[in-house]
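Visitor: With the input below, show me the fold.
(one chain, ligands or ions: 2)
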Amino acid sequence: MKVQRVALRNVGLLGDTGSGKTSLAEALLFSAGAIERLGSVLDGTTTMDFDADEQKRSRSLSSALATLSWKKTKINLIDTPGAGNFVADAFACLRVLDAAIFVIHAGSGVRVQTQRLWQACKELGVVRLVYINAMDAERADFDQIMNDLTATIEDNSIIPFHLPLGKGPAFAGVVDVVRQRGLSFQAGGRGEVKPCEVPEALADSLAATRERLTEAVAEADDALLEKYLEAGTLNDDELVESLRAAVRQGSVTPVVCGVATQCLGAQALLDLILDYLPAPNERPPLRGAAPGNGAEVLRQPIDEAPFSALVFKTMADPYSGKLTLFRVMSGILTPDKVVLNANTGEKERLGQLNNLLGKNQLTVTQVSAGDLAVVAKLKSTTTGHTLCDEKEPILYPVIEFPKPVISIAVVPKSKGDEEKVSSGLRRLSEEDLTLQFSVDHESKQLVISGMGEDHLDVVIDRLKRKFGVEVEAEEMQVPYRETIRSSVKVQGRHKKQSGGRGQFGDTWLEIEPRERGSGFEFVDKIVGGAIPRQYIPSVEKGIVEAMKRGSLAGFPVVDLTVTLYDGSYHSVDSSDMAFQIAGSIGFKKGVEQADPVLLEPIVNMEVFVPEDAMGDVIGDLNAKRGKVLGMDSRGKLQVIRAQVPLAEVLKYATVLKSMTGDRGSFSMEFSHYEMLPPHLSEKVIATSKKRGEA
Ligand SMILES: Nc1nc2c(ncn2[C@@H]2O[C@H](COP(=O)(O)OP(=O)(O)OP(=O)(O)O)[C@@H](O)[C@H]2O)c(=O)[nH]1
Ligand SMILES: [Mg+2]
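Guide: Ligands and ions are numbered 1, 2, ... in the order given. Predicted coordinates:
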């Protein structure tokens, strides 16, 4: 097989919502000639926001992939969503990116998702470049953003490669710091750039910035340092060459600027991607595990290595069904190969291989190491799975998604649509791993869980548009539990004499509290045949059934031991059913006498906030009966860890948004149950009574 080598870059566009990522993707695609017209987010005509729900909301809801070619290099661009409810998709893409362009709006500064994603890129070795966008905006302020970046990200590596020529409506281009020349950004074209004079007024800051760059690279390279000390400067080529290495190591992070919506200077950014961002084969060996025994496997990210790939996204396509997007981590893939899914152990045939341009597919004949591609109709493969050569198996770490945060119950507007709703949700949750759904066996409602109110709104919209079912959302019930505080001994007796054969069962139960979280235990202490052996499981069955609805407010009863220690039977009238009923009667009576209480779920929360909002957020968590467990800083961002009753934070997204001016984010997961304070318990019991009467 002849190997066709292509120069390659995998670049993600990351940053806060509204910073201009989708617009920049459009500008880059247009500049490289991959598309014929420059679409806009506001008109709903961009390549990356092709989904109807994205167009309706003028923002990205999930990541999208498009491939372009620039100066004989193939660039895979991934546009990601920045909004908190959808940003999990951006985190998932980091595993297949070699570099990220952080897009920051020149008028609004550095917000929380940028800070979190930056940290994650650092940990995963994803090389960073900053693009300060919207330099045409009235309040655009390049220097302010530079200060903001250093203050919030605390990264000394951040250095401008471009200095802006003018700002607001007068923004006309940049000064290229490395090559010490002016670049005039041509309006109305495909992002072309023309050389121009460096204005006198910028001479000083050009010199100072270039000196910073020179020092940054000279410090890391002794030979270069000597030259620099001797000559007092480095020539352009020496500087470019050593900067490439510094950027790849993360010791220098380039900052550039432009106007995405007008495609101003987009070609200069394409050149920078080629000059400074790494190719996949420049990365260190990949770490995976041997499926089965977990021993570490190292794999070179090159064509000559055995085939392996990581799935980073699943997309439902109306024509081709399920689409699986993956990165070939090693080896070369040709069409119609049968490979192993290392996570499920099943074989998959990878039929036709395609590149993507938003929603459009372009067939390719091979995918080489490091490249991204898409394949349709895989059976058992989902996001995060590893596909590999069966003879050289490898399993890459799975891509973790955050657990859902809020839940609501949904009811179809037309009776009989239940099946349609659940099959729609099943399809949606295949492509969106932050969406979960289940049937609540307490309320019999269909419950959907997701990252926040916006997320669940989108899910409800999609059920309607894609699957033709309308649902009504109901307020979610907190899943309370009931338990007991003291021990009792009770008799559970069932006797019925009617016409023919009667019913008889008689049990004596001891019911005792157990440790929180330990569940239910049944102990059989019947001796001497007081109850025949075959009826003992019947007693337990009756108790388990009765446990599903407690005496206080109908919530399941947990954390207790029931000992069956005595009883009696009738040789004719006793039966399985009679002993089930007897057990159930005894249990209900016992729980009522054993000082029952309600338990409420407590969640572990991590709240990310800017420093100035810390006091408010902590005060609010305390007011919500929360316990603050600790604080950490991640860069300049504070992380508050706390345990809070779920009932208090069902709508936390809205609360945090207003407290932090939308600069915060949080995650939560179930921790344990605790006793519900008496005054709140009364309210829950009263509500449940009302519901029962209704
Ligand atoms: N003036 C100006 N507006 C811009 C520029 N780039 C983007 N915008 C506008 O900013 C808004 C958001 O742009 P998007 O490209 O959707 O931002 P995004 O980063 O993709 O946002 P999410 O998808 O929510 O993460 C849109 O209304 C754009 O028209 C720019 O360079 N100048
Ligand atoms: Mg977008």
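
Visitor: Quick one: low-confidence residue ranges for the stretch 151-300 of the chain.
Guide: Scanning the stretch 151-300 of the chain for pLDDT under 70 picks out nothing.

Visitor: For the residue in it that ligand 2 sits nearest to, give me its contacts.
Guide: Going by Cβ to the ion, ligand 2 is nearest to residue 260 of the stretch 151-300 of the chain, at 10.6 Å. In this view, the C-beta of every residue, glycine as well, is placed from N, C-alpha and C. If a contact means Cβ atoms under 8 Å, 6 or more residues apart in numbering, then residue 260 has 20, 23-24, 26-27, 103, 133-134, 266 as its contacts.

Visitor: what comes into contact with stretch 284-304?
Guide: Contact with stretch 284-304 is made by 3, 5, 125, 280-281, 283, 305-306, 308, 329-332, 342-343, 345, 368-370, 386, 393-397, as judged by Cβ under 8 Å, 6+ apart.

Visitor: Same question for stretch 453-470.
Guide: 52-53, 56-57, 61, 83, 85-86, 316, 406, 408, 410, 412-414, 417, 420-421, 423-425, 427-428, 432, 434-435, 448, 450, 471, 473, 651, 653-654.

Visitor: just stretch 362-370 next, same as before
Guide: Residues from elsewhere that reach stretch 362-370 (Cβ under 8 Å, 6+ apart): 3-6, 8, 10, 67, 98, 279-281, 301-303, 305, 327-335, 352-356, 373.

Visitor: May I have it exported as PDB, CA atoms only?
Guide: Extracted as PDB, the C-alpha positions of stretch 362-370 are listed here (Å, rounded to 0.1, in the frame of the first residue of the first chain):
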ATOM      1  CA  LEU A 362     -16.900  14.000   1.600                       C
ATOM      2  CA  THR A 363     -15.700  10.500   0.900                       C
ATOM      3  CA  VAL A 364     -12.000   9.700   1.400                       C
ATOM      4  CA  THR A 365      -9.900   6.700   0.500                       C
ATOM      5  CA  GLN A 366      -7.800   6.500   3.600                       C
ATOM      6  CA  VAL A 367      -7.300   8.200   7.000                       C
ATOM      7  CA  SER A 368      -3.800   8.400   8.200                       C
ATOM      8  CA  ALA A 369      -2.500   8.600  11.800                       C
ATOM      9  CA  GLY A 370      -3.600  11.700  13.600                       C
END
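
Visitor: what domains does the record give for the chain?
Guide: 7-282, 286-388, 406-474, 481-594, 599-689 (automatic domain parsing).

Visitor: nearest to ligand 1, of those domains?
Guide: Ligand 1 lies closest to domain 7-282 among the domains of the chain, at 3.1 Å (Cβ to the nearest ligand atom).

Visitor: Just the terminal-to-terminal distance for that closest one.
Guide: Using Cα to Cα, to the nearest Å, the end-to-end distance of domain 7-282 comes to 11 Å.

Visitor: which residues touch residue 590?
Guide: By Cβ under 8 Å, 6+ apart, the contact set of residue 590 is 488-490, 492, 509, 511, 562.

Visitor: try it again with 10 Å
Guide: 484, 487-492, 509-512, 543, 546, 551, 560, 562, 596 (Cβ atoms under 10 Å, 6 or more residues apart in numbering).

Visitor: just for the stretch 1-150 of the chain, where's the confidence low?
Guide: The stretch 1-150 of the chain contains residues with pLDDT under 70 at 1-6.

Visitor: could you flag which of the contacts of residue 590 are buried?
Guide: The neighbour-count test (16 or more other Cβ atoms under 10 Å) marks 484, 487-488, 490, 492, 509-512, 543, 546, 551, 560, 562, 596 as buried among those.

Visitor: Among these, which ones are in helices?
Guide: The members of those that map onto helices under DSSP state H are 543, 546.

Visitor: Among the buried ones among the contacts of residue 590, which are located in strands?
Guide: Among the buried ones among the contacts of residue 590, DSSP state E puts 484, 488, 490, 492, 509-512, 560, 562, 596 in strands.

Visitor: Counting neighbours, what do you get for residue 292?
Guide: 10 (other Cβ atoms under 10 Å).

Visitor: brain fart, residue 365
Guide: Per other Cβ under 10 Å, the neighbour tally for residue 365 reads 8.

Visitor: Could you tell me the model confidence score at it?
Guide: Note for residue 365: predicted pLDDT of 96.

Visitor: SS state for the residue in the chain sticking out farthest from the centre?
Guide: Distance to the chain centre peaks in the chain at residue 499, reaching 64.5 Å (criterion: Cα atoms, centre = their mean). At residue 499 the chain is in coil, as set by DSSP: H, G, I helix; E, B strand; the rest coil.
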